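**Student:** Structure for this input, please:
(chains A and B)
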Amino acid sequence: AQKITQTQPGMFVQEKEAVTLDCTYDTSDPSYGLFWYKQPSSGEMIFLIYQGSYDQQNATEGRYSLNFQKARKSANLVISASQLGDSAMYFCAMREGPNTGNQFYFGTGTSLTVIP
Amino acid sequence: EPEVTQTPSHQVTQMGQEVILRCVPISNHLYFYWYRQILGQKVEFLVSFYNNEISEKSEIFDDQFSVERPDGSNFTLKIRSTKLEDSAMYFCASSELVNQPQHFGDGTRLSIL
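**Tutor:** Numbering: from 1, shown residues only, chains lettered A, B, ... in the order given. Have a look, this model is predicted:
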C-alpha cells in the first residue's frame, strides 16, 4: 500500500479563492509527522507546514493550514486567498516514527495552477 | 535566514564514473538527509544521517551509494560507477531534530551520459 496518497494530479483555482489539496497516509506507528512542501517550476523544495501526530490542534502557517483528521488518516492542505505565485507542485510527506524505522515518504504531488 | 546549500547545481558525468554531491546543512541542525527526484516523478528518500552515522536508509540506497561528513560543515553523497538511471535531481535536507521540518537545498541536477 502507498504510504502517502495524493489523488489530485492537477488542480485549478481562481486567484483569491481558497483551495484544498488532498493527502491521505498509511502508517501503523502512533508517532509520525506530516509535512507539506511546495516545488515551483525552478525545482527547489520549500517547506510549508508541519503536523505532528500528537498535536491537538491543526497546524497553521500564514495562508496555509493543515486539516488533520487522524481517524481518517488525512492531512489536507488548505491554501487561502490563492495568489499567482502559489502555482507549483505540492508534495505531502510523512516521517514515520521509531517503531517503523523513521522512514520518510513523499506523495506523487499535486500540480496547482492559480488562474488570474 | 540560514539555508542548506548544495554544490554543484548541475553535474554532468559519464556513465561508470564516480560522482560526489556536496551539501552544507544548516549549522545547528543535527539530522541530514539525501533525497532523489527523477524527472517528473515524486521525491524519494535515500538516507538519513545523525551523529556521524547512517540512521535510516531506503532500498534505493545500495552499495553504490555512500554518505560522509568529512568535516564539521559538509555532508556528501558519493555515487560509485554511475548508471544512466541515476540521472535525477538530488536534494539534501537538514533538520534540528528528527521530528522537525526538513529544510531542503536547491538540489543538484545529475545527468549521466
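
**Student:** okay, CA-based contacts and neighbour counts for the rest of this
**Tutor:** Will do.

**Student:** near chain B, which residues of chain A show up?
**Tutor:** Residues of chain A lying near chain B by CA under 8 Å from any CA of the partner chain: A:32-33, A:35, A:43-47, A:49-50, A:52, A:95, A:101-109.

**Student:** 10 Å - rerun?
**Tutor:** Contact residues (CA under 10 Å from any CA of the partner chain) of chain A with chain B: A:31-37, A:42-52, A:91, A:93, A:95-98, A:101-109.

**Student:** And these, which of them are buried?
**Tutor:** Among the residues of chain A next to chain B, those classed as buried by neighbour count (16 or more other CA atoms under 10 Å in any protein chain shown) are A:31-37, A:44-52, A:91, A:93, A:95-97, A:102-109.

**Student:** Phi and psi next, for residue 48.
**Tutor:** Just so you know, I chose chain A. phi -110, psi -50 (degrees, to the nearest 10).

**Student:** about what we covered before: so which of the residues of chain A next to chain B are in helices?
**Tutor:** In helices, defined here by DSSP state H, there are no members of these.

**Student:** What residues does chain B have near chain A?
**Tutor:** Within chain B, the positions adjacent to chain A are B:33, B:35, B:40-48, B:55-58, B:89, B:91, B:93, B:98-109 by CA under 10 Å from any CA.

**Student:** and the end-to-end length of stretch A:10-29?
**Tutor:** 30 Å (CA to CA, to the nearest Å).

**Student:** Name the helix or strand of chain A that has the lowest mean pLDDT.
**Tutor:** Lowest on mean pLDDT, DSSP states H and E among the helices and strands of chain A sits strand A:104-106, with a mean of 88.
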